[in-house]
Every structure is written in structure tokens, then in C-alpha cells.
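Q: sequence first, then the predicted structure, then my questions.
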Amino acid sequence: MYIDFYKGIPKGCEICLKGAKLVLFITGLCKKNCYYCPLSEEKRGKDVIYANELLIRNDLEILLEGKAINAEGTGITGGDPLLRLNRTLKYIKMLKDFFGKNHHIHLYTNGMYANSEVILNLKKVGLDEIRFHTMNEIKSIELAKDIGLSVGVEIPAIPNEEDRIKKLALYLNKIGVEFLNINQLEFSSTNFLQLKERGFEIEGNNAVKGSEDLAIKIIKWAEDEGLELKIHYCSISKKDGVQYKMRIVRRRNNVIRLYEEALEDGLIGKFVLETKENPHYIRKKLIKELKIKPNMIGISRDGKNIEISRNLINEVKKLIPNVKIKYIKELPTAIREKIEEINIQKNEEEQQFHQD
């Protein structure tokens with residue numbers, strides 16, 4: 001569910017909903033220590049960089065990941081990116097130089113280190129929009145607005161924080177902030193105990209019970225109060241079912257190989273041959289014997305198996321009778337997470353058994 005109080009959503013959200021946003025995780029370091037933080041163990045408190053799902057080892061990987069989804073914008077997140085200010089400034093400039101000035105960049109921060117000098121430097125290198133993650137009336141929100149950035153606040157809808165969110169909305173409305181984004185609060189493996197200890201319950205897809213109801217209530221209240229502040233609500237299903245899926249489909253369309261198959265939900269399917277012999281030797285043999293183009297047959301990421309087109313399977317069986325064949329479904333991310341593995345021979349043997 002995505003609800004906006006007035007027509008028109010922030011540019012960063014517009015790009016995100018199209019799946020065209022590169023998520024650049026600058027660092028897992030943060031001084032705020034929010035009990036509801038959903039960051040994974042791999043990221044929380046660790047000074048690591050990710051571009052979408054890819055752990056970054058060099059700057060080029062960030063640009064290639066952006067190209068892989070035809071990125072129209074970047075969301076810089078963390079942790080708090082301002083704890084690694086030089087890194088953040090460097091990447092904003094790099095992205096603007098490579099993708100062009102129209103590549104929209106927004107940044108999330110808790111605001112603890114967002115003084116006027118920092119905000120000015122962010123604007124100078126090309127930052128378009130800044131989003132503060134705070135429930136408080138902090139000075140840096142007004143500073144960013146005065147300096148000329150597009151400014152918003154983005155917070156979770158915490159069921160027992162209704163009065164505080166309303167107070168925040170009134171403050172943002174008073175100082176003329178552009179938008180307030182309210183996200184559905186969710187359980188993760190890292191915040192589960194903290195949320196349960198505070199009495200929160202799960203409903204639906206790992207959502208905190210009552211979070212969505214509160215977000216909708218706040219939007220209706222703001223409308224009744226006549227606030228000019230734009231308020232938007234983004235649910236977990238919208239984030240995972242639309243934003244993420246759209247990005248996956250965009251990436252798949254750019255990275256799918258000639259011998260792979262495009263499946264529903266952005267997945268990729270392919271046939272994999274398991275052999276005890278050197279896969280590179282077998283690959284050369286198949287290219288020669290079957291007279292196929294090299295780009296119709298590949299080697300798996302771990303270098304152990306051969307990947308091949310569906311229309312070559314029967315011919316491969318004749319050449320290599322005892323080869324094991326599997327059908328793999330995977331996400332088209334940089335690390336290609338496996339979703340399902342189907343043993344083709346086992347299925348064929350079972351079918352033969354039932355026919356006999």
C-alpha cells in the first residue's frame with residue numbers, strides 16, 4: 001500500500017517505485033542505536049559498502065551495479081552516511097559525473113552530524129534531496145531547507161508514538177518541509193527481541209501489528225487539520241512486492257545470458273550440468289562437437305559446473321550419458337541467490353517408474 005496525502009510524491013520515491021533506484025549503503029556505522037533498526041548482522045555496526053546486494057570492493061563496482069539496473073537515481077543510506085562524510089561526498093560526485101546531472105540522489109541521515117558546513121558540502125557536490133530519520137525537532141532540518149536542498153523526514157509508524165508523530169508533523173508543516181514519509185514498522189531477525197520486549201506483535205508479512213493503522217490515522221488526521229505538509233505511507237508489501245521486484249526485473253533484462261530463461265517475478269532459469277571432469281574441458285568439447293557458439297554455454301560462478309541452453313539438453317545427454325542435470329532458478333542480483341533447484345534426472349526417473 002502506498003498512500004499520499006496530496007498528489008505528487010518525492011522524486012526519490014518516484015524513481016524507487018520504478019525500480020530505478022540504486023541503493024548505496026555507505027556504512028553500517030551509526031550513533032543513534034534505534035531499538036527497531038532492521039539492519040542485518042552483516043551490515044549493522046560494520047564499516048562496509050554495498051551497492052544494492054553487492055558488497056563493494058572498488059568504485060567501479062558501484063557504477064556497474066547502477067548500469068545493471070539503468071539507474072535513474074541513487075538512495076544513499078546506512079547506518080549514518082555522514083559518519084563517513086568524505087566517502088559520501090566522493091560517491092555523490094562520482095555518480096553525478098558518470099550518470100549525469102539529472103541522476104537524482106537523495107540521502108538518509110539521523111541528522112546528528114548534519115551541521116551547516118556538512119550540508120553545504122553535500123549540496124556543492126550534487127546532492128538533490130536529504131531525508132532525516134528523526135522524531136525530534138532538530139535544527140539540521142531547518143538548516144538543510146535554508147541551504148536549498150529538497151528536505152523531507154522519513155520515520156517508521158511506531159504504534160505507541162502517535163502523539164509524537166503528530167507533534168513532529170505540526171513542526172514540519174510549520175517550517176515548510178516538503179514531505180513526511182511514514183513506513184510500516186517491520187520485524188527482522190535483528191530487532192525481533194527488542195520489539196517483542198516492548199510488547200509489539202507480528203501481523204501479515206513480518207509487519208508490526210497496528211503500524212499500518214497508525215500511518216493511515218496520521219494521514220487522515222493531517223487532512224482534517226488542514227496541514228499543507230505532504231505525507232506519504234509506504235507499506236512492506238509496496239517496498240518488497242513492487243519496488244524490489246521492479247528493480248529485479250530491470251536488472252534481469254540487462255544481465256540475462258543467451259542460454260538462460262526469463263521467468264516470472266524477475267527470476268532467471270537455467271540448466272546446469274554436473275560433471276566429475278574439468279568443466280572447461282567439457283565446455284570446449286561440447287562447443288566443438290555440437291558446433292554451438294561459445295556464448296550459448298557457460299561456466300558456473302564457482303567454476304565447478306556447466307550452464308547450457310534448454311534446446312541442447314538432449315544432444316548433451318547423447319554425448320555425456322551419465323551427466324547430472326539440474327534446473328536452477330535464481331535472482332538476477334550480483335550474487336545470484338539460488339531460489340530453487342530441480343533435479344531433472346530424478347524427475348525423469350520418477351516419471352518413468354510411474355509409466356512402467
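A: Ah, there it is.
Q: in the stretch 201-350 of the chain, which spans are helices?
A: 211-225, 236-238, 245-255, 279-290, 313-319, 344-355 (DSSP state H, counting those that start in this stretch).
Q: let's have these in CSV, adding mean neighbour count, mean pLDDT and distance to residue 60.
A: C-beta here means a position set from N, CA and C on the backbone, and glycine is covered the same way. As requested, the helices of the stretch 201-350 of the chain are exported to CSV (neighbours: other C-beta atoms under 10 Å; pLDDT from 0 to 100; distance: least, C-beta to C-beta, whole Å):
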stretch, mean neighbour count, mean pLDDT, distance to residue 60
helix 211-225, 17, 96, 39
helix 236-238, 18, 90, 32
helix 245-255, 18, 95, 16
helix 279-290, 15, 92, 26
helix 313-319, 14, 88, 36
helix 344-355, 10, 60, 37
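Q: how about those in CSV, adding distance to residue 98?
A: Below are these laid out as CSV (distance: least, C-beta to C-beta, whole Å):
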stretch, distance to residue 98
helix 211-225, 36
helix 236-238, 29
helix 245-255, 16
helix 279-290, 35
helix 313-319, 41
helix 344-355, 43
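Q: and the most centrally placed residue in the chain, how far is that from residue 113?
A: The centre of the chain sits closest to residue 52, judged by C-alpha atoms, centre = their mean, with a distance of 5.2 Å. Noted for residue 52: a distance of 25 Å to residue 113, by C-beta to C-beta, to the nearest Å.
Q: residue 91: neighbouring residues, count only.
A: For residue 91, the number of neighbouring residues by other C-beta atoms under 10 Å comes to 24.
Q: related to what we said a few turns ago, dump the residue contacts of the residue nearest to the centre of the chain.
A: 22, 23, 65, 69, 247, 251, 333, 334 (C-beta atoms under 8 Å, 6 or more residues apart in numbering).
Q: among those residues, the buried ones, what's the ChimeraX command?
A: Of these, the buried ones can be selected in ChimeraX as follows, counting by 16 or more other C-beta atoms under 10 Å:
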select :22,23,65,69,247,251,333,334
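Q: one step back: the helices of the stretch 201-350 of the chain: which one's closest to residue 200?
A: Judged by C-beta to C-beta, the one of the helices of the stretch 201-350 of the chain that comes nearest to residue 200 is helix 211-225, at 8.5 Å.
Q: figure out how far that closest one is from the centre of its chain.
A: Counting by C-alpha atoms, centre = their mean, to the nearest Å, helix 211-225 is centred 27 Å from the centre of its parent chain.
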